[in-house]
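Engineer: this one's sequence-less:
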């Protein structure tokens, strides 16, 4: 059995916001990235309807840049989904979350400012590599 801690906290350690990214099963295995998409967990919420408890997560969506992995790096590239200048969000059942994932910003030729705060990494870059080498479980999860 494998267990993970996925954080969604606007003041983690009373200092920095921390909103983890996760792999979400959203399609069939023959689709890009095995039918998974990436989301950044903004909030965990739950509600009850007709005496049924629904644990959910509010996520910001990241979509595939291509139908194949990056030929140079061999990993998938995702970018924030934007509609009318705003990042799109969705409400998902927590059962759709496969596991946490690690995104690496795609750096260009410009340098980051010396005072760049790591907490803005998911907002500062236009696209990201999905790091399938973060650990053994991630490597086995991402095709």
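Structural biologist: Happy to help now that I have it. Quick caveat: nothing in here was measured; it's all calculated off a predicted structure.
Engineer: burial of the closest residue to residue 128 other than its chain neighbours, as a residue count?
Structural biologist: Spatially, and ignoring its direct neighbours in sequence, residue 128 is nearest to residue 103 (4.0 Å; Cβ to Cβ, 6 or more residues apart in numbering). All C-beta atoms are positioned from the backbone trio N, CA, C, and that covers glycine. Residue 103: 20 surrounding residues under other Cβ atoms under 10 Å.
Engineer: ok, residue 103 - contacts?
Structural biologist: For residue 103, the contact set (Cβ atoms under 8 Å, 6 or more residues apart in numbering) comprises 21, 38, 62, 78, 121, 122, 128, 129, 130, 131.
Engineer: Any idea what it is bridged to?
Structural biologist: residue 130 (DSSP bridges).
Engineer: what's the spacing between it and residue 93?
Structural biologist: 22 Å (Cβ to Cβ, to the nearest Å).
Engineer: Likewise for residue 52?
Structural biologist: Taking Cβ to Cβ, one finds residue 52 at 11 Å from residue 93.
Engineer: Which one of the two is surrounded by more residues?
Structural biologist: residue 93 (11 against 7).
Engineer: sorry, back to before: in ChimeraX, how would I select the buried members of the contacts of residue 103?
Structural biologist: In ChimeraX, this line selects whichever of the contacts of residue 103 come out buried by 16 or more other Cβ atoms under 10 Å:
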select :21,38,62,78,122,128,129,130,131
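Engineer: Right, I'll leave it there.
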